[in-house]
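1. what's the 3D shape of this:
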Amino acid sequence: MMSSVKVECVVKESALIGEGPVWEESEQTLLFVDIGGQKIHRWSPSTNQIQSLETGESVGFVVPRRSGGYVAGVGRSIVAVDWSTQMMTPLLEVDEDKKNNRLNDGKVDPIGRLLAGTMGKETRPAEVQRQQGSLFSVNSDLSVTKHLNQVDISNGLDWSLDQKTFFYIDSLSLTVDAFDYDLLSGHIGNRRVVYRMEEGEGLPDGMTCDADGRLWVACYNAGRVIRIDPVTGVRLQTVSLPVTKTTSCCFGGPDYSDLYVTSASLGLNQSEQQLAGGTFRVTGLGVKGRPSTSFTG
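-> Purely as a prediction, here's the structure:
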């Protein structure tokens, strides 16, 4: 029997490009960024309050840091964020030879290493300089390893339940890919396609893995999140949202059974889609997610 899936807009404040939702267990809050609006947001479901920090440059992701506070990708810098003082401290810079690049999606692996990617800045709306981006990891000593270059739009990332597979999206390839992952060394290899986007599914964007090992992929320009089985390459479920530019998703809530979905309003006029740029909560999926890991650096 299908559970009754419910979609509600919980953060109505419109983001230009809402992205990178992360559930923060300790605070029971949802962290997410507005790339174009240059803000980090923290929203509490229990109080419905939103707190924001202006970053002064585009911000691709934010993740909790084990030593306290957060780490965010701002411009081409990885910065430490002290929420209480609203201070940002640069830790390191990437893609030094590509001044037009910016950080996009990032996530922490199961042992606390940060993986993040870059992309060429849009020269015109929706026109990205192709093959300018890279994917790299930041270790706990803040050393950087580059894994891939010639990436178009480095996007969604997550790991399999057994931690031996790394899932990754380069949006313009229109595929979800997998790599063998060596958790100890952080080495990736043996790239293969696990899912090809079908007609009408738009661009694959942010992604999260659920407690059953299935992937939930936000479909940009297609107003939906799809659940796929990375083993069989089959789409299992589609959740439609009332906005077209769905950007990313994560599970959260007290028992990780709520799916949070971010969206963008960039290039849309508000009369077309009143909720564009909002953040949505999907309940009744009958599926749970997994807690995120904090960055050890």
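2. shaky segments in the stretch 151-297 of the chain?
-> 270 (pLDDT under 70).
3. As a check, name the ranges of all strands in it.
-> Applying DSSP state E, counting those that start in this stretch to the stretch 151-297 of the chain gives strands spanning 154-159, 165-170, 175-181, 188-196, 203-209, 215-220, 224-229, 234-240, 246-252, 258-263, 279-283.
4. can you put the ones you listed in a markdown table and add distance to N104 and mean neighbour count?
-> (Glycine included, C-beta is placed from N, CA and C.) Below are these laid out as a markdown table (distance: least, Cβ to Cβ, whole Å; neighbours: other Cβ atoms under 10 Å):
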| stretch | distance to N104 | mean neighbour count |
| --- | --- | --- |
| strand 154-159 | 5 | 25 |
| strand 165-170 | 10 | 25 |
| strand 175-181 | 16 | 19 |
| strand 188-196 | 18 | 14 |
| strand 203-209 | 10 | 26 |
| strand 215-220 | 12 | 27 |
| strand 224-229 | 19 | 21 |
| strand 234-240 | 23 | 14 |
| strand 246-252 | 10 | 27 |
| strand 258-263 | 13 | 27 |
| strand 279-283 | 18 | 21 |
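5. of all those, which lies closest to I50?
-> I50 sits nearest to strand 279-283 of all the strands of the stretch 151-297 of the chain, at 9.4 Å, using Cβ to Cβ.
6. In terms of secondary structure, what does that closest one contact?
-> Applying 3 or more Cβ pairs under 8 Å, 6 or more residues apart in numbering; DSSP states H and E, we find strand 279-283 packed against strand 6-11, strand 258-263.
7. hang on, the earlier thing: distance to S134 for the strands of the stretch 151-297 of the chain - can I get that in TSV?
-> TSV is the format used below for these (distance: least, Cβ to Cβ, whole Å):
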stretch	distance to S134
strand 154-159	7
strand 165-170	11
strand 175-181	15
strand 188-196	13
strand 203-209	18
strand 215-220	21
strand 224-229	25
strand 234-240	29
strand 246-252	20
strand 258-263	24
strand 279-283	28
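8. do you know which of these lies nearest H41?
-> Taking the strands of the stretch 151-297 of the chain one by one with Cβ to Cβ, strand 279-283 is closest: 8.3 Å.
9. strand partners of that closest one, parallel vs antiparallel please.
-> strand 6-11 (antiparallel), strand 258-263 (antiparallel) (DSSP bridges).
10. hey, what's the nearest residue to L215 once chain neighbours are set aside bridged with?
-> For L215, ignoring the flanking residues on the chain, the nearest one in space by Cβ to Cβ, 6 or more residues apart in numbering is I228 at 5.1 Å. Note on I228: beta-bridge partners by DSSP bridges are L215, R235.
11. I228 touches C219, doesn't it?
-> No - I228 is beyond contact range of C219, at 10.9 Å (criterion: Cβ atoms under 8 Å).
12. Now the helix or strand where I40 lies: average pLDDT?
-> I40 belongs to strand 39-44 when elements are defined using DSSP states H and E. In this model, strand 39-44 carries a mean pLDDT of 98.
13. Could you name the helices and strands sitting against it?
-> strand 6-11, strand 29-34, strand 49-54, strand 59-64.
14. which residues make contact with the second one from outside it?
-> Right, strand 29-34. 11, 15-24, 39-45, 59-64, 70, 72, 248, 250, 252, 260, 262, 279 (Cβ atoms under 8 Å, 6 or more residues apart in numbering).
15. Nearest spatial neighbour of C219, chain-adjacent residues omitted?
-> Per Cβ to Cβ, 6+ apart, closest to C219 is G202, 4.3 Å.
16. residues touching that neighbour, list them.
-> Counted by Cβ under 8 Å, 6+ apart, G202 has contacts 219-224, 244.
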